[in-house]
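1. Following is a predicted model, sequence given first.
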Amino acid sequence: MSTQILIVDDSAMMRKVIEKTINICDIDDVHIYEAGNGKEGLDMMKEHPVDLLIMDISMPVMDGMEMLKVVRKNESIEALPILIVSNESNKRRIEELISQGTVFVHKPFTPEELGDNILEVIREKLA
């Protein structure tokens, strides 16, 4: 069974770093989609159901907080595993994100740190 992952970040370079990290995780049959902001991400999710959403918070058009609210209000995807990869430093905002069932990884990160979190989220989803 294929694992569908959506990366939403306004930085094309960061999306490639995350994609390379996913590829070194040795996840069998993974398909990666990309979007540059929350609106593009939601549009992509309408076309391609995903198993894991990896997103930034600070983005133009629709930021990660807005996208998270939309996802958590949609019954068909409200339980979707979400990994936030951000340089957010406001502890209250980070706690709010975690309270909504996300996993938070602070930028900058090591590939091992991000990879471990990705694998843990995927394992929990499959459990």
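-> Ah, there it is.

2. where does this protein have its least confident helix or strand?
-> Here the helix or strand of the chain ranked lowest by mean pLDDT, DSSP states H and E is helix 111-126, holding a mean of 87.

3. Give the phi and psi angles for T3, as a check.
-> phi -100, psi 120 (degrees, to the nearest 10).

4. Leaving out the residues flanking it, which one is nearest to it?
-> V30 (4.7 Å; CB to CB, 6 or more residues apart in numbering). Any C-beta I mention is one placed from the backbone N, CA and C, and that applies to glycine too.

5. The one you found and T102, how far apart?
-> 20 Å (CB to CB, to the nearest Å).

6. which of those two has more neighbours?
-> Shown here are V30 and T102; by other CB atoms under 10 Å, T102 has more neighbours (22 against 18).

7. the strands in this structure, which residues?
-> 3-8, 30-35, 52-55, 82-86, 102-106 (DSSP state E).

8. Highest mean neighbour count out of the ones you listed?
-> strand 52-55 (a mean of 25; mean count of other CB atoms under 10 Å).

9. Tell me what the residue nearest to F109 when sequence neighbours are not counted is bridged to.
-> Nearest residue to F109, sequence neighbours excluded (CB to CB, 6+ apart): V85, at 7.0 Å. Beta-bridge pairing of V85 under DSSP bridges involves V105.
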